[in-house]
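**Student:** got a sequence here, can you model it:
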Amino acid sequence: MTVSTTLRARLRELPLAAIAACLLSFAAFWMAQRAANVTMLDLSVYRAEGETVLAGGDLYAMRATSANLPTTYPPFAALLFTPLTLLGVPEMRTLATAGNLLLLLALVHLSLRLVGRDRPGTALWAAAVLVWCEPVWTTLRYGQINLLIAVAVLWDLTRRENNRWAGVGIGLATAVKLTPGLFVVLLVAVGVVRARAGGFRSGWNPWLRQAATATGTFVAVTVASAVVLPYDSRRFWTHMIFETSRVGRKEETANQSLNGVLARLLHTTDPGVWWLIAAVVVGVAGLTVAVRAALRGDRPVAVVACATTALLVSPISWSHHWVWCVPALVLLATRVRPVWTAATALVFASFALWWVPHAPAPVRLELHQNGWQMLLSGLYTLVGLALLYASGSGALGTAREDRPAGGAVADTEAPPVSAQGVPAQDVPAQDVPAQDVPAQGAAARGVTAQAVAKE
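**Tutor:** Model prediction:
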């Protein structure tokens, strides 16, 4: 069956009500953005980066828009932005809005595939609602690339384990924006644990192969960028990468990382060692949660925990970086009571962090917040910490038994691990006597004899 035939078949399966609801919601969203007179400042900066590259200018001396914004991404990103120079500003904004709405649909689809619930129409219904979350609204308001980054990462993590391209998305995403590199750390950690547990027969496993592909992709495009832009590449990797102040002020309300919360809590522009301690503790704890989830075959929890950890420990995580709330909410909807999913969705849809006094530089209203204001301006960080706690404590449980047979879980979840830490497929068959396996239970649940023995 050809790809076009498969696509037509899937389109015919989509409920008309879901299509109509999604189109109406997206149209209302688009009109609301236009009514709000969104400026798409970051998109204008991307275009200016492309123009600077084509003109042979100094990429990291460039300033763009009325906000005097600098370049903050690696040189590879600027090379990707050069096609924007071919468009007029109105056309560029229209294309960016339409593209981001399609990327939201892709992100919802991949999130549903990650949890094994990718049914016809579900992604359309979910996207119609999730488009109104503050991180999504703000991403489109600024013309940001957060949805593209998240889609690239999730595309990798929902591939079959033997897919030769798995890892390319994470590598490219990391070359554009460094924070997705934490997923490479996750892949390496899980791969090493599995290799050590499985002995020489599983020394080179899909996790390590995907990590190697991601690393190779990152190195290849970064080196290629250095060949094309040697001066800018040298400046970024030796100097600009350490200048977090170029990105913005740490204490700004929009900064929903641990660094931002601590800056507002301590009434300082630089939490210094306190942030470093918090980032190390949360980083280690979050990665541990993600690795343990992956080893027990719960990839959805592993992915959400890793993304949440990256957002928390990054020096600056603007509210629009939290588009990872989309897969997080999809995960919660399949694991916890509806009231908890609704409460979490309300946090991201309420725009509560903007209810507190805030102002652009040089005014620093965020340094004078009271207790309630600090709580509202740190909601994303608190939700992130709660997600990590729930993931590590088992409060999210495991995948429900009512997943559709033959769904994405069979393609995406890591194999179960035995009590000795060895992947189930690596356990010799003779170690699990057939007579010890409850035949009816194994057949009803669709699991292997090794997995039943483990339980």
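
**Student:** buried set for stretch 192-212?
**Tutor:** Burial within stretch 192-212, assessed by neighbour count using 16 or more other Cβ atoms under 10 Å, is assigned to 192-195, 197-198, 202, 205-212. In this view, the C-beta of every residue, glycine as well, is placed from N, C-alpha and C.

**Student:** off-centre distance for that stretch?
**Tutor:** 24 Å (Cα atoms, centre = their mean, to the nearest Å).

**Student:** same deal with stretch 383-402?
**Tutor:** Taking the mean of its C-alpha atoms, stretch 383-402 sits 17 Å from the chain's own mean (Cα atoms, centre = their mean).

**Student:** and which of the buried residues of stretch 192-212 is nearest Glu91?
**Tutor:** Nearest to Glu91 among these is Gln210, at 37.2 Å by Cβ to Cβ.

**Student:** closest to Asn37 among the buried residues of stretch 192-212?
**Tutor:** So of the buried residues of stretch 192-212, ranked by how close each gets to Asn37 (Cβ to Cβ), first place is Gln210, at 43.2 Å.

**Student:** the longest helix belonging to the chain packs against which elements?
**Tutor:** Assignment by DSSP state H gives helix 89-114 as the longest helix of the chain. Using 3 or more Cβ pairs under 8 Å, 6 or more residues apart in numbering; DSSP states H and E, the elements in contact with helix 89-114 are helix 16-35, helix 41-55, helix 122-130, helix 134-142, helix 146-157, helix 299-313, helix 325-335.

**Student:** can you give me the strands in the protein?
**Tutor:** Assigned by DSSP state E, the strands in the chain fall at 63-64, 69-70.

**Student:** pick the most buried one from the ones you listed.
**Tutor:** Most buried of the strands of the chain, by mean neighbour count (mean count of other Cβ atoms under 10 Å): strand 69-70, with a mean of 18.

**Student:** pull the distance from that strand to the chain's centre.
**Tutor:** 24 Å.

**Student:** about what we covered before: list the buried residues for the longest helix of the chain?
**Tutor:** For helix 89-114, the neighbour count (16+ other Cβ under 10 Å) marks 92-93, 96-97, 100-101, 103-114 as buried.

**Student:** out of the helices and strands packed on helix 89-114, flag the one nearest Ser377.
**Tutor:** helix 134-142 (12.5 Å).

**Student:** residues contacting Val282?
**Tutor:** For Val282, the contacting residues are 258, 309, 312-313, 385, 388, by Cβ atoms under 8 Å, 6 or more residues apart in numbering.

**Student:** between the residues you listed, which sits nearest Trp30?
**Tutor:** Once Cβ to Cβ is applied, the member of the contacts of Val282 that ends up nearest Trp30 is Leu312, at 31.8 Å.

**Student:** how close does that closest one sit to Leu229?
**Tutor:** 32 Å (Cβ to Cβ, to the nearest Å).

**Student:** OK, contacts around the residue nearest to Gln210 when sequence neighbours are not counted?
**Tutor:** Using Cβ to Cβ, 6 or more residues apart in numbering and skipping the chain neighbours, the partner closest in space to Gln210 is Gly167 (4.2 Å). With contact set as Cβ under 8 Å, 6+ apart, Gly167 has these partners: 156, 187, 209-217.

**Student:** again, 10 Å this time
**Tutor:** 156-157, 159, 183-184, 187, 206-207, 209-218 (Cβ atoms under 10 Å, 6 or more residues apart in numbering).

**Student:** likewise for Ala189?
**Tutor:** 207, 211, 287-288, 290-291, 294-295, 306.

**Student:** between those, which sits nearest Val336?
**Tutor:** For those, the nearest to Val336 is Ala290 (18.4 Å; Cβ to Cβ).

**Student:** Ala302 versus Arg292, what's the distance?
**Tutor:** Distance, Arg292 to Ala302, using Cβ to Cβ: 8 Å.

**Student:** which one's more surrounded, the two?
**Tutor:** A direct count of neighbours by other Cβ atoms under 10 Å for Arg292 and Ala302 places Ala302 higher, at 27 against 18.

**Student:** so that one sits against Leu388, correct?
**Tutor:** No. Counting by Cβ atoms under 10 Å, Ala302 stays clear of Leu388, with 11.8 Å between them.

**Student:** joint contacts of those two?
**Tutor:** With Cβ under 10 Å, 6+ apart as the test, Ala302 and Leu388 both reach 289-290.

**Student:** among the contacts of Gly167, which are located in helices?
**Tutor:** 156-157, 183-184, 187, 206-207, 209-218.

**Student:** so, low pLDDT: which residues of the chain?
**Tutor:** Within the chain, the stretches with pLDDT under 70 are 1-13, 199-203, 360-362, 398-455.

**Student:** how many residues are close by Val280?
**Tutor:** 11.

**Student:** pull the contacting residues for it.
**Tutor:** Val280 makes contact with Val313 under the criterion Cβ under 10 Å, 6+ apart.

**Student:** export the contacts of Ala189 to CSV and tack on distance to Trp318?
**Tutor:** As requested, the contacts of Ala189 are exported to CSV (distance: Cβ to Cβ, whole Å):
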residue, distance to Trp318
Trp207, 30
Ala211, 28
Leu287, 22
Thr288, 26
Ala290, 22
Val291, 27
Ala294, 28
Leu295, 32
Cys306, 19
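
**Student:** now do the contacts for Ile277.
**Tutor:** Applying Cβ under 10 Å, 6+ apart, the residues near Ile277 are 258, 262, 271.

**Student:** quick one, what contacts the last one?
**Tutor:** Pro271 is in contact with 250-251, 258-265, 277-279, counting by Cβ under 10 Å, 6+ apart.

**Student:** ramachandran coordinates for Glu251?
**Tutor:** phi -80, psi 0 (degrees, to the nearest 10).

**Student:** ok, now which ones touch the nearest residue to it once chain neighbours are set aside?
**Tutor:** Nearest non-adjacent residue to Glu251, counting by Cβ to Cβ, 6+ apart: Ala263, 3.8 Å away. Shown in contact with Ala263 (Cβ under 10 Å, 6+ apart): 249-252, 255, 257, 269-272, 274-275, 366-367.

**Student:** dump the residues you listed into CSV; add distance to Ala349 as well.
**Tutor:** Formatted as CSV, the contacts of Ala263 follow (distance: Cβ to Cβ, whole Å):
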residue, distance to Ala349
Arg249, 26
Lys250, 26
Glu251, 25
Glu252, 21
Asn255, 20
Ser257, 21
Thr269, 30
Asp270, 32
Pro271, 29
Gly272, 34
Trp274, 31
Trp275, 28
Glu366, 22
Leu367, 28
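
**Student:** many thanks, have a good one.
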